[in-house]
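Peer 1: Fold the following and give me the result.
(chains A and B)
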Amino acid sequence: EAQVTQNPRYLITVTGKKLTVTCSQNMNHEYMSWYRQDPGLGLRQIYYSMNVEVTDKGDVPEGYKVSRKEKRNFPLILESPSPNQTSLYFCASRRAWRPGLAGWGYEQYFGPGTRLTVT
Amino acid sequence: DAKTTQPTSMDCAEGRAANLPCNHSTISGNEYVYWYRQIHSQGPQYIIHGLKNNETNEMASLIITEDRKSSTLILPHATLRDTAVYYCIAGNQFYFGTGTSLTVIP
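Peer 2: A predicted model of the protein is given here:
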């Protein structure tokens, strides 16, 4: 089954304690990304990766790190979490296509989410 | 990404068609329109996409105006399980906005 998995699903931690949220996809997609979702703010992109060893900042990258050593994995790292990083996090991978002269089209597959609480 | 505007919330009677509008007046000529939905706090799920023509799949239909400045997602026979937040996105999908919260009423 095509899927994106994330672990852990729920995490409560304290300020300053480093943590990693793992993300893995089994669809051989080149593009992966991380979003955070906060009430009233929608889903905002944190980081994305176009391919192995290629990562770039999204809209809200401060306080986060990522790495892409393998195509299937894209972990999100919080070196020193703070309470304002309490949020619902989603990992996604993306299938891309380009029919003829039209622009690129995308279909994203999202993981189940990780609810993080930083106290 | 082109900016999109959707109503904050809508209700629909079970069994009736749900018509969810979206404005994307700044969309460029080669940008697709996409619709996703999110049930409770699960990961968003892709529904449908379109460029210029109307599209239909097993989940929904997408009607895009000729000038491409707006579109409508149609769920032809809404069920209680269609209660969700529906996101309309145009472009690269970097930002999902807050969508339309659809409640299907028994």
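Peer 1: Touching, residue A:5 and residue A:23? I think so.
Peer 2: Yes. Under the criterion of CB atoms under 8 Å, residue A:5 makes contact with residue A:23 at 7.3 Å. Where you see a C-beta, it was placed from the backbone N, CA and C, and this is true even at glycine.
Peer 1: quick one: strands adjacent to the lowest-mean-pLDDT helix or strand in chain A?
Peer 2: Using mean pLDDT, DSSP states H and E, the weakest-scoring helix or strand in chain A turns out to be strand A:105-110, at a mean of 91. Here strand A:105-110 has these sheet partners by DSSP bridges: strand A:87-97 (antiparallel).
Peer 1: what is the mean pLDDT for the strand it pairs with?
Peer 2: Averaged over strand A:87-97, pLDDT sits at 94.
Peer 1: chain center to it, what's the gap?
Peer 2: 6 Å (CA atoms, centre = their mean, to the nearest Å).
Peer 1: Point to the residue nearest the middle of chain A.
Peer 2: residue A:34 (1.9 Å; CA atoms, centre = their mean).
Peer 1: In the sheet, which residues pair with that residue? Tell me.
Peer 2: residue A:47, residue A:91.
Peer 1: which residues does it contact?
Peer 2: Counting by CB atoms under 8 Å, 6 or more residues apart in numbering or on different chains, residue A:34 makes contact with A:23, A:45-48, A:58, A:64, A:66, A:74, A:76, A:89-92.
Peer 1: Setting the sequence-adjacent residues aside, check what's closest to residue B:102.
Peer 2: Once flanking residues are discounted, residue B:102 sits nearest to residue B:10: 5.3 Å by CB to CB, 6 or more residues apart in numbering or on different chains.
Peer 1: element containing the one you found, please.
Peer 2: strand B:9-13 (DSSP states H and E).
Peer 1: Counting by contacts, list what the helix or strand that that strand is followed by packs against.
Peer 2: Counting by DSSP H and E, the next helix or strand C-terminal to strand B:9-13 is strand B:18-23. Other elements packing on strand B:18-23 under the criterion 3 or more CB pairs under 8 Å, 6 or more residues apart in numbering or on different chains; DSSP states H and E are strand B:9-13, strand B:33-38, strand B:70-75, strand B:84-90, strand B:100-105.
Peer 1: can I get the ones you listed in TSV with mean pLDDT and mean neighbour count?
Peer 2: Converted to TSV, the helices and strands packed on strand B:18-23 look like this (pLDDT from 0 to 100; neighbours: other CB atoms under 10 Å in any protein chain shown):
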stretch	mean pLDDT	mean neighbour count
strand B:9-13	97	14
strand B:33-38	96	24
strand B:70-75	97	21
strand B:84-90	95	24
strand B:100-105	98	17
